[in-house]
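Asks: Here's my sequence, what's the structure:
(chains A, B, C and D)
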Number of protein chains: 2
Amino acid sequence: MANYPELSLSVEAVVFSYANKTIKVLLQLHDEKPFRDQWGLPFQLVKENESLEKTTDKIRQKLNKYSIASGIQSSIYSHPKRHPKTRLVSISMIFFAKPHTMEIAAPSYRWFDLNELPSLIMDHSLQIKDALKFLQTFTQNHTWVYDLLPDRFTLTQLQECFETIYGKPYDKRNFRKKIMSYGFIKPSREKQKGVAHKAATLYFADKKKLEKFQAL
Amino acid sequence: MANYPELSLSVEAVVFSYANKTIKVLLQLHDEKPFRDQWGLPFQLVKENESLEKTTDKIRQKLNKYSIASGIQSSIYSHPKRHPKTRLVSISMIFFAKPHTMEIAAPSYRWFDLNELPSLIMDHSLQIKDALKFLQTFTQNHTWVYDLLPDRFTLTQLQECFETIYGKPYDKRNFRKKIMSYGFIKPSREKQKGVAHKAATLYFADKKKLEKFQAL
DNA sequence: ACAAAAGTGTTATTTGTACACCCATGC
DNA sequence: GCATGGGTGTACAAATAACACTTTTGT
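Replies: Below you'll find the model as predicted:
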């Protein structure tokens, strides 16, 4: 990135996860020139003979510690002065990471609470806000929610996750009825451990059925 | 466009209209080098100090004969070899034109039936297909349909327009009940003229209420 | 025994769907 | 007077919303 070409394209990753009733966002402490020591979204320049899909793959590989699920294109950021040195147009992609991966230490990456973000480079704060709004409004099909939860989860955890994302409470009985009616959430034979009350059944999402459901 | 820069960005316009129970698409007979005398979507390169919004404005001005309504971003096309001479990444935008504007003659532009498209440059055929699918699936809020209809329309015309777009029939009584329940379609005092049967009431969309509805 | 969350069913309301006839007009 | 589309209501089914108590377990 020594000399800047006329116009660069990048894919920028808004990676969400979820824990303790809060949404988490993965940020990177950038170490290259114009943004050294500043927090921002991980991003990846689109190389000369690369399609966006290829670049998106690369970014997924770069973040493979977090085994992120496949991305969703949300929006494009193109203001001519958004990058201080070059003309950078960015495609914002949304990814999801399971909570256990958040434990994994990685130099220069850190998870932040959505509500406690530091000051970010370029328009990344806006991008994160837009990404959440995009998920809330454009996906009536909420199958990506299961990418934010552990492989085994209780129905209460699932409900809390929905409540956090959509910012509103759901009725316990109605919520369970509806979720179970979709048919892609199944009970495992395991139960919650180490809780000071009745142990909840752990459920899991049937991936094949989820995919079929998405196809609609 | 004599010499090609490393990477170019463009906004490409899928302009839809509607008449005689068919969806129409505006195409341009291109006259510049690599695409001379070939049909394709109208497009506009993103200039050096231009945001996409600016470029989109320009394209709207270029097509101002058709007084197209504000655009919706649909998808991005980025295959490295999609343009024969340069690396061109394109943002596909969807626009709408009212049917009376289709009468307006404009050299090198022509309206085609969606089902009778000629062979198109680059991936423009795919882009049109994707655009329609985008509208069908991602906008539960169908307020753009009114941009395809004349200012005054009968409820039967409205219903036919929905039927064409979504490719399925609706029940007359239920359709009317639902549409009227939204509250943004109002009857005018005018009636259809010159028909060999009872003249239908002409309705119009209340723009202010439409906007409020969109905000949800 | 008590605190804390799990789990479960019924009723009322709203929304969606199916369906058929009379009306006004131009020819 | 007849062909053509305009306009209207009702009954049933399905989905959604509101709501409270018993169970299990750890401390």
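Asks: Just checking: what are the partner strands of the longest strand seen in chain A?
Replies: Counting by DSSP state E, the longest strand found in chain A is strand A:7-19. Applying DSSP bridges, strand A:7-19 is found paired with strand A:22-30 (antiparallel), strand A:43-45 (antiparallel), strand A:87-96 (parallel).
Asks: where's A:F184 relative to DNA strand D, distance?
Replies: Noted for A:F184: a distance of 16 Å to DNA strand D, by Cβ to the nearest atom of the strand, to the nearest Å. C-beta coordinates here come from the backbone N, C-alpha and C atoms, glycine included.
Asks: Nearest approach to DNA strand C belongs to which of the strands paired with strand A:7-19?
Replies: strand A:22-30 (16.8 Å; Cβ to the nearest atom of the strand).
Asks: Show me what the very next helix or strand once past the closest one is packed up against.
Replies: Counting by DSSP states H and E, the next helix or strand C-terminal to strand A:22-30 is strand A:38-40. Counting contacts by 3 or more Cβ pairs under 8 Å, 6 or more residues apart in numbering or on different chains; DSSP states H and E, strand A:38-40 is packed against strand A:22-30.
Asks: average model confidence for the strand it packs on?
Replies: For strand A:22-30, mean pLDDT is 97.
Asks: Residue ranges in chain A under the pLDDT threshold?
Replies: Along chain A, the model assigns pLDDT under 70 to residues A:1-5, A:216.
Asks: Which one of the residues in it is closest to DNA strand D?
Replies: Nearest residue of chain A to DNA strand D (Cβ to the nearest atom of the strand) works out as A:K198 at 2.9 Å.
Asks: did I read that right, that residue in a strand?
Replies: No. A:K198: not assigned to a strand; according to DSSP: H, G, I helix; E, B strand; the rest coil it is coil.
Asks: residue contacts, it?
Replies: By Cβ atoms under 8 Å, 6 or more residues apart in numbering or on different chains, A:K198 lies in contact with nothing.
Asks: Distance-wise, check it relative to A:L158.
Replies: 17 Å (Cβ to Cβ, to the nearest Å).
Asks: surely A:H79 meets B:S51?
Replies: Yes. The pair A:H79 / B:S51 is scored as a contact, 5.1 Å apart, by Cβ atoms under 8 Å.
Asks: In TSV, list the strands paired with strand A:7-19 along with mean neighbour count and distance to DNA strand D.
Replies: Shown next, in TSV, are those (neighbours: other Cβ atoms under 10 Å in any protein chain shown; distance: least, Cβ to the nearest atom of the strand, whole Å):
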stretch	mean neighbour count	distance to DNA strand D
strand A:22-30	20	23
strand A:43-45	21	38
strand A:87-96	24	24
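Asks: Quick check: next helix or strand after the biggest helix by length in chain A?
Replies: When chain A is parsed with DSSP state H, its longest helix is helix A:124-138. Counting by DSSP H and E, the next helix or strand C-terminal to helix A:124-138 is helix A:155-166.
Asks: Is the following helix or strand past that next one positioned near DNA strand D?
Replies: Remark: after helix A:155-166, the chain's next helix or strand is helix A:172-182, criterion DSSP H and E. Yes. Contact of helix A:172-182 with DNA strand D (Cβ under 7 Å from any atom of the strand) involves A:172-174, A:178.
Asks: Flag every residue of chain A that's near DNA strand D.
Replies: Going by Cβ under 7 Å from any atom of the strand, the residues of chain A near DNA strand D are A:171-174, A:178, A:195-199.
Asks: let's see 10 Å
Replies: By Cβ under 10 Å from any atom of the strand, the part of chain A that sits against DNA strand D consists of A:169-178, A:181, A:191-200.
Asks: Just the buried residues out of those residues, in PyMOL syntax.
Replies: The PyMOL command for the buried members of these (criterion: 16 or more other Cβ atoms under 10 Å in any protein chain shown) is given here:
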select buried, chain A and resi 170+175+176+192
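Asks: This completes my enquiry, with thanks.
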